[in-house]
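Dropping the sequence and predicted coords here.
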Amino acid sequence: MTELVLDCQSPVSRHARPSFLAQLRVWLDRVEQRRQLSQLPEHLLRDIGVNQADADLEAEKPFWKL
């Protein structure tokens, strides 16, 4: 029987892992930003040029969508 050994130092593993972690960080940041946007009062939304309807649409998006 052949044994499969994964080498964490292989080029594929070394490059794939940071990429996944970087993407995870982007998604988590996006969730937090959308949560914060959903909590902004209307006068602050006006300050940044966003109306309530657009803020609600953005806040409702899933984390993987831009």
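Happy to help now that I have it. Numbers count the residues shown, from 1 in each chain.

what about the helices in the chain?
Using DSSP state H, the helices of the chain run over residues 11-39, 42-47, 52-60.

among those, which is nearest residue 66?
If you check each of these against residue 66 by Cβ to Cβ, helix 11-39 wins as the nearest, at 8.5 Å. From N, CA and C alone the C-beta is placed, and that goes for glycine too.

what's the residue closest to the geometric middle of the protein?
Centroid-nearest residue in the chain: residue 27, 1.4 Å away (criterion: Cα atoms, centre = their mean).

residue contacts, that residue?
Counting by Cβ atoms under 8 Å, 6 or more residues apart in numbering, residue 27 makes contact with 63-64.

Kindly report the same for the one 10 residues further on.
With contacts taken as Cβ under 8 Å, 6+ apart, residue 37 has the following neighbours: 50, 55, 58-59.

rerun at 6 Å
Neighbouring residues of residue 37 by Cβ atoms under 6 Å, 6 or more residues apart in numbering: 55, 59.

Could you report the separation of it from residue 64?
Taking Cβ to Cβ, to the nearest Å as the measure, residue 37 falls 17 Å from residue 64.

same question, residue 55
19 Å.

Looking at these two, which has the bigger crowd around it?
Set residue 55 next to residue 64 and count neighbours by other Cβ atoms under 10 Å: residue 55 wins out with 19 against 9.

so how far is residue 35 from the more buried one?
Per Cβ to Cβ, residue 55 is found 12 Å from residue 35.

Alpha carbons of stretch 59-66, as PDB, please.
Provided in PDB are the C-alpha atoms of stretch 59-66 (Å, rounded to 0.1, in the frame of the first residue of the first chain):
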ATOM      1  CA  ALA A  59     -25.500  45.500   4.100                       C
ATOM      2  CA  GLU A  60     -27.700  42.600   2.900                       C
ATOM      3  CA  LYS A  61     -25.200  41.200   0.400                       C
ATOM      4  CA  PRO A  62     -23.500  37.900   1.300                       C
ATOM      5  CA  PHE A  63     -19.900  38.200   2.300                       C
ATOM      6  CA  TRP A  64     -18.600  36.700  -0.900                       C
ATOM      7  CA  LYS A  65     -20.200  39.300  -3.200                       C
ATOM      8  CA  LEU A  66     -18.600  42.600  -4.000                       C
END
